[in-house]
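J.: sharing a model prediction with you, sequence too.
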Amino acid sequence: MSGFLVVRIVCSGVCLLAALSAAVQPAHAQSGKRRPNVLLIMADDLNNDLGTYGHPLVKTPNLDRLAARGVRFDRAYTQFPLCSPSRVSLLTGLRPDTTKVYDLQTDFRSILPEAVTLPQMFKRTGYRVARVGKIYHYGNPGQIGTSGLDDPASWDVVVNPRGIDKDEETQLTNLTPKRGLGAALAFYASPAPDDEHTDGKVAAETIALLEQSVKSGDRPFFIGAGFYRPHCPFIAPRKYFDLYPLERIQAARFAPEQLAHVPAPALFTNPPNWDVPEQGQRESIQAYYASISFLDANVGRILDALERLGLVDNTIVVFVSDHGYHLGELGQWMKQTLFERSARTPLIMAGPGVVARGQASPRMVELLDIYPTLAEIAGLTPPADLQGRSLTPLLKNPRSAWQRPAVTQVRRGGGPDTFMGYSIRTEKWRYTEWDNGKRGTELYNESDDSSEMKNLAAAAKYRNVASEMQQMLRKVTGK
């Protein structure tokens, strides 16, 4: 099969993009029918504070309607609660200990030059493959408008939008001025309309690609639409802030004694809450919620375009975040912990292959599982070394028997004192150990203690549970 004659475009305005092909075998040739399209929608730093997940305050009508025609996974977990390690793991189908990506600088191709990524698999079988915005990692907000740590081999077309939010950074209220903007509690209620923001442009560019695909009509598409919200700094149009009056926002309750049971490496935010007063915490939560609703509105524009263009019935839609996000629980903010709030992420799948529409799955699943799932639904043969498992049984019956746990890891220290923390999650338990247990262990009964306030690892009553969970963790990680 001859290769693509590729047009690669980087722009900030709406572009009509085309990837031209010469003598390419159609993506439907093997099966005799057209394969399904794939639309992978990724959020940045989004936790499960969504209407469809039962949050009493956050308004997400568009993600709610996507879940109403798909399967919502209530227990989906990242492999590493940091942008680049998580995204590389999802897109290669390999655990971080295989990719060796533990930071925001390492290019996975320097470790695994021959890896076949998820979009690359579709590209090799004749799909039109494109990316808009952040799919692989690049610094948010510093690298907005660039390709960052993108993987050129994965795409035919790339678009790197840049919106007015980049120009508004001087207007931010920054409650943690010693931290960089990509890790700061900073926010701004923008007067600019939706479509002038970077996320508004991500939606517009994605819709342009959908329209171009319909016009060409010869091949199915795989499009990655990568949004930047609700990642900090929390910049969104003012109308989304207005959805959340500050008097309705409560800061997470915190007392220093809550941390008495927690090993020191378990904590990312030191001192707790970065000493931001309660009022600032509430303002940050308001801005985070506003950013979620702004994200939801832009996802809704894309979903509307799918309907308008007649693409709904033959397009697999996956909505996912790279990891979860703390909002003051246990005094923690953002990610990079192995607590539930950081490790758990939203995951919704809709379209072809999804039988149990409007249902939720309580099973433990991993972002690793997305790659083999899409391969199976599309009838493609994935690499043999993938470390996830296809979710297709749960798309048919969300409560099917499913014995696999979920494993999340994070790195601590630096130089010769670098060590890893690993956490394994089953439907009832979370077990965590730091530096193979030498720097602390944790065991939480998630059924009775979802806030993870009682570390049972040292309790004689639960010694057998801790031992069983440790063995299960060793089996997955090989450590």
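T.: Good, I have the coordinates. From a predicted model like this one, the values you see are computed outputs, not experimental measurements. Residues are numbered from 1 along each chain as shown.
J.: when you work out contacts or count neighbours from here on, use the C-alpha atoms and nothing else.
T.: Will do.
J.: so which bits of the longest helix anywhere in the chain are buried?
T.: Under DSSP state H, the helix in the chain containing the largest number of residues is helix 278-308. If you call a residue buried by 16 or more other Cα atoms under 10 Å, then helix 278-308 has these buried ones: 280-303, 305-306.
J.: counting by contacts, list what it packs against.
T.: Here helix 278-308 touches helix 61-68, strand 186-190, helix 198-216, strand 221-230, strand 234-237, helix 238-241, going by 3 or more Cα pairs under 8 Å, 6 or more residues apart in numbering; DSSP states H and E.
J.: give me the angle between it and strand 186-190.
T.: Orientation note: helix 278-308 sits at an angle of 50 degrees relative to strand 186-190 (axes from the mean of the first three to the mean of the last three Cα atoms, to 10 degrees).
J.: run the chain-centre distance for helix 278-308.
T.: In terms of Cα atoms, centre = their mean, to the nearest Å, the centre of helix 278-308 is found 15 Å from the chain centre.
J.: ranges for the strands of the stretch 251-400 of the chain?
T.: Taking DSSP state E, counting those that start in this stretch, the strands of the stretch 251-400 of the chain run over residues 315-321, 326-327, 333-334, 344-350, 359-366.
J.: how about residues contacting stretch 51-61?
T.: 49, 50, 63, 64, 67, 74, 244, 289, 292, 293, 296, 297 (Cα atoms under 8 Å, 6 or more residues apart in numbering).
J.: quick check: end-to-end length of it?
T.: Start-to-end span of stretch 51-61 (Cα to Cα, to the nearest Å) is 7 Å.
J.: buried ones in it?
T.: Within stretch 51-61, the residues scored as buried using 16+ other Cα under 10 Å are 51, 52, 53, 58, 59, 60, 61.
J.: mean confidence score for it?
T.: Summarised as a single mean, pLDDT over stretch 51-61 is 98.
J.: now stretch 401-421
T.: 96.
J.: quick revisit: ok, which of the strands of the stretch 251-400 of the chain comes nearest residue 460?
T.: Between residue 460 and these, the shortest separation by Cα to Cα is 26.9 Å, and it involves strand 359-366.
J.: next, the angle strand 344-350 makes with that closest one.
T.: Using the same axes, to 10 degrees: strand 359-366 against strand 344-350 is 130 degrees.
J.: strand 359-366 pairs with which strands?
T.: Pairing partners of strand 359-366, with direction, according to DSSP bridges: strand 70-77 (parallel).
J.: nearest to residue 274, out of the strands of the stretch 251-400 of the chain?
T.: Of the strands of the stretch 251-400 of the chain, nearest to residue 274 by Cα to Cα is strand 333-334, at 8.5 Å.
J.: show me what residue 42 is bridged to.
T.: Here residue 42, judged by DSSP bridges, has bridge partners residue 226, residue 320.
J.: need the per-residue pLDDT for it.
T.: Residue 42 is given a pLDDT of 98.
J.: touching, it and residue 323? I think so.
T.: No - assessed by Cα atoms under 8 Å, residue 42 is found out of contact with residue 323, at 10.4 Å.
J.: what do those two both touch?
T.: Common neighbours of residue 42 and residue 323 (Cα under 8 Å, 6+ apart) do not exist.
J.: of these two, which one has the most company?
T.: Taking other Cα atoms under 10 Å, residue 42 and residue 323 do not tie; residue 323 has more neighbours (31 against 25).
J.: would you mind measuring from that one to residue 301?
T.: 23 Å.
J.: one more: residue 366?
T.: Taking Cα to Cα, one finds residue 366 at 28 Å from residue 301.
J.: residue 103: neighbouring residues, count only.
T.: 15.
J.: one step back: farthest-apart pair in the contacts of stretch 51-61, please.
T.: Farthest pair in the contacts of stretch 51-61, by Cα to Cα: 74 and 244, 24.7 Å.
J.: for burial, what's the neighbour tally of the residue nearest to residue 429 when sequence neighbours are not counted?
T.: Leaving aside its chain neighbours, residue 429 sits nearest to residue 445 (4.9 Å; criterion: Cα to Cα, 6 or more residues apart in numbering). Applying other Cα under 10 Å, we find 19 residues neighbouring residue 445.
J.: same check, this time on the one 10 residues further on
T.: The tally of other residues near residue 455 (other Cα under 10 Å) stands at 19.
J.: how about the helices in the stretch 351-479 of the chain?
T.: With DSSP state H, counting those that start in this stretch, the ranges of helices along the stretch 351-479 of the chain come out as 370-378, 392-396, 463-477.
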